[in-house]
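In: Pasting a predicted model and its sequence here:
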Amino acid sequence: MGSLESLMKMLSIDEEEKWIKHYSSSHKILLVGEGDFSFAACLGQNFGSAVNMVATSLDTKVSLVAKYSRAAENLKKLKDFGCTILHEVDAHTMSCHPLLHWQLFDRIVFNFPHAGFHYREHDSLQIELHRNLVKGFLRNARYMLAENGEAHVTHKTAHPFDRWEIEKLAEDVGMYLIEKSPFFSWDYLGYSNKRGDGIRADDSFPVGACSTFKFGRTYLRRTRALALDTLVMFSGFGG
């Protein structure tokens, strides 16, 4: 009997839910636009597993490994943790991807989305490229969220990045702001943000003032409100 109790206790410890900031080992997580996959590796390392995670990049595997000095190491680590890794996944069309379109996620995460260095960051044309990228991501994420799921965008909030108007983009595609939480890179040990484009693609950039914007699907909020109103109405008849 003692041996059985010991075994059950060990299994309970192994299955204990683990958290790192906004993310739990019990969440089914989709990571979009990973640079060198260090954020995904950070989560996997903290959870001790990545079987509930799907990590994606726009790059091919060949270009990814050539572009980032630690990409191969991070990919191997994730594979050992059981992560599903997909390359050439476009944030604008990810909901139609043959390996993603039937899946629902508790958290869909896009850290520091960037449309590439075509103009200067304060240029209106560059900002519009960024806005189109974020809007396309949120539009797709909306259809890939499980009930009570959240889409997260971590983004700089100082000028000119505030001109992206991420909250407005979310509203346009049927999402609402749940929370705006300050982002600090030291919360994610091992994560290294990347420029991602050009000859300095493997360089990190100063994070500065930034936040993680958490969005939910608008119709879910309305559905809950309607259900509550209906419950109150019928309760009134009973009184």
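Out: Good, I have the coordinates.

In: name the element the closest residue to Ser24 other than its chain neighbours belongs to?
Out: Once flanking residues are discounted, Ser24 sits nearest to Glu17: 5.7 Å by Cβ to Cβ, 6 or more residues apart in numbering. (C-beta placed from N, C-alpha, C; glycine too.) According to DSSP states H and E, Glu17 maps onto no helix or strand at all.

In: neighbours around Glu17, how many?
Out: 9 (other Cβ atoms under 10 Å).

In: Please apply the same query to His22.
Out: Neighbour number of His22 under other Cβ under 10 Å is 17.

In: So the residue nearest in space to the middle of the chain, which state does it fall into?
Out: With distances taken as Cα atoms, centre = their mean, Val109 lies nearest the centre of the chain, 0.7 Å away. The assignment at Val109 comes out as strand when based on DSSP: H, G, I helix; E, B strand; the rest coil.

In: Touching, it and His152? I think so.
Out: Yes - counting by Cβ atoms under 8 Å, His152 is a contact partner of Val109 at 4.6 Å.

In: Could I get the buried residue list for the host helix or strand of Asn148?
Out: In the assignment (DSSP H and E), Asn148 maps to strand 145-156. Within strand 145-156, the residues scored as buried using 16 or more other Cβ atoms under 10 Å are Leu145, Gly149, Glu150, Ala151, His152, Val153, Thr154, His155, Lys156.

In: list the contacts for the residue nearest to Val207 when sequence neighbours are not counted?
Out: In space, not counting the residues next to it along the chain, Val207 is nearest to Ser185; the distance is 5.5 Å by Cβ to Cβ, 6+ apart. By Cβ atoms under 8 Å, 6 or more residues apart in numbering, the contact set of Ser185 is Tyr191, Asn193, Val207.

In: Drop anything exposed from these.
Out: Buried among the contacts of Ser185 (16+ other Cβ under 10 Å): Tyr191, Asn193.

In: Go through the contacts of Ser185 and say which is closest to Gly44.
Out: Tyr191 (11.5 Å; Cβ to Cβ).

In: Which residues are in contact with that closest one?
Out: Applying Cβ under 8 Å, 6+ apart, the residues contacting Tyr191 are Ser38, Phe39, Cys42, Ser185.

In: Same question for Ile127.
Out: Glu121, Pro160, Arg163, Trp164.

In: That one is in what secondary structure piece?
Out: helix 124-142.

In: Convert the C-alpha atoms of that helix to PDB, please.
Out: Output of helix 124-142 as PDB, limited to C-alpha atoms (Å, rounded to 0.1, in the frame of the first residue of the first chain):
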ATOM      1  CA  SER A 124       3.600  56.500 -41.800                       C
ATOM      2  CA  LEU A 125       4.200  53.900 -44.500                       C
ATOM      3  CA  GLN A 126       6.300  51.800 -42.100                       C
ATOM      4  CA  ILE A 127       3.700  52.100 -39.400                       C
ATOM      5  CA  GLU A 128       0.900  51.000 -41.700                       C
ATOM      6  CA  LEU A 129       2.900  47.900 -42.600                       C
ATOM      7  CA  HIS A 130       3.200  47.100 -38.900                       C
ATOM      8  CA  ARG A 131      -0.500  47.700 -38.400                       C
ATOM      9  CA  ASN A 132      -1.500  45.400 -41.200                       C
ATOM     10  CA  LEU A 133       0.700  42.700 -39.700                       C
ATOM     11  CA  VAL A 134      -0.900  43.000 -36.300                       C
ATOM     12  CA  LYS A 135      -4.400  43.200 -37.600                       C
ATOM     13  CA  GLY A 136      -3.900  40.100 -39.800                       C
ATOM     14  CA  PHE A 137      -2.500  38.200 -36.800                       C
ATOM     15  CA  LEU A 138      -5.500  39.200 -34.500                       C
ATOM     16  CA  ARG A 139      -8.000  38.500 -37.200                       C
ATOM     17  CA  ASN A 140      -6.600  34.900 -37.600                       C
ATOM     18  CA  ALA A 141      -6.100  34.400 -33.900                       C
ATOM     19  CA  ARG A 142      -9.800  35.200 -33.200                       C
END
